[in-house]
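*Asks:* Show me the folded form of this:
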Amino acid sequence: MFLGEHRHALDEKGRIIFPVRLRDELGAQVTLQKGIDPCVYVFPPEEWERQVVNVAALPTTKPEARRYARFFFSQAQTERIDRQGRLTVPQSFREYAGLQREVVIVGAGARVELWDAAKWASHVADVEGTVEEFSSELGI
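*Replies:* Residues are numbered from 1 along each chain as shown. Purely as a prediction, here's the structure:
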């Protein structure tokens with residue numbers, strides 16, 4: 001399970017260093033996907049396979065399912081974390097998430113998310129103001 005926040009800078013080649021404990025859990029090969037929020041999802045192989053199974057089970061007779069599956073697979077890419085613990089975030093993913101120099105690596109349970117630091121701060125401020133309300137709505 002991935003937890004916590006870690007701040008690191010993107011280098012000029014679009015690489016970010018992952019903390020050792022996250023790297024150990026993720027493994028050397030990960031799958032990146034454009035997130036629903038403006039971030040990049042980073043999946044370890046086992047979790048990516050679970051996601052693939054869920055999407056593959058969607059009924060292809062439904063147009064929404066086909067559109068979602070198409071989006072799901074087309075917005076994903078496999079990458080490797082190198083021996084120095086760096087992950088190259090492709091340009092299209094950096095643009096999508098608005099990743100600038102300072103990036104927050106966020107533990108999000110079964111996956112890791114990469115957020116631009118300013119967008120993450122705004123997101124946290126929004127959530128902190130409404131956490132009691134939406135946790136009640138979700139029955140938490």
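
*Asks:* Wait, a strand at Arg50?
*Replies:* No - counting by DSSP: H, G, I helix; E, B strand; the rest coil, Arg50 falls outside a strand, being helix.

*Asks:* What score does it have for pLDDT?
*Replies:* Arg50 carries a pLDDT score of 97 in this model.

*Asks:* Could you list the low-confidence segments of this structure?
*Replies:* Along the chain, segments meeting pLDDT under 70 span 134-135.

*Asks:* element containing the one residue sitting closest to the centre of the chain, please.
*Replies:* The centroid of the chain falls nearest to Tyr41 when counting by C-alpha atoms, centre = their mean (1.4 Å). For Tyr41, the host element (DSSP states H and E) is strand 40-43.

*Asks:* still on that earlier bit, and the residue nearest to the centre of the chain, what does it touch?
*Replies:* By C-beta atoms under 8 Å, 6 or more residues apart in numbering, Tyr41 lies in contact with 32-35, 108, 111-113. Backbone N, C-alpha and C define where each C-beta goes, glycine included.

*Asks:* The closest residue to Phe72 other than its chain neighbours: how many residues sit nearby?
*Replies:* Residue nearest to Phe72 in three dimensions, not counting chain neighbours: Val55, with 5.1 Å by C-beta to C-beta, 6 or more residues apart in numbering. Val55: 15 surrounding residues under other C-beta atoms under 10 Å.
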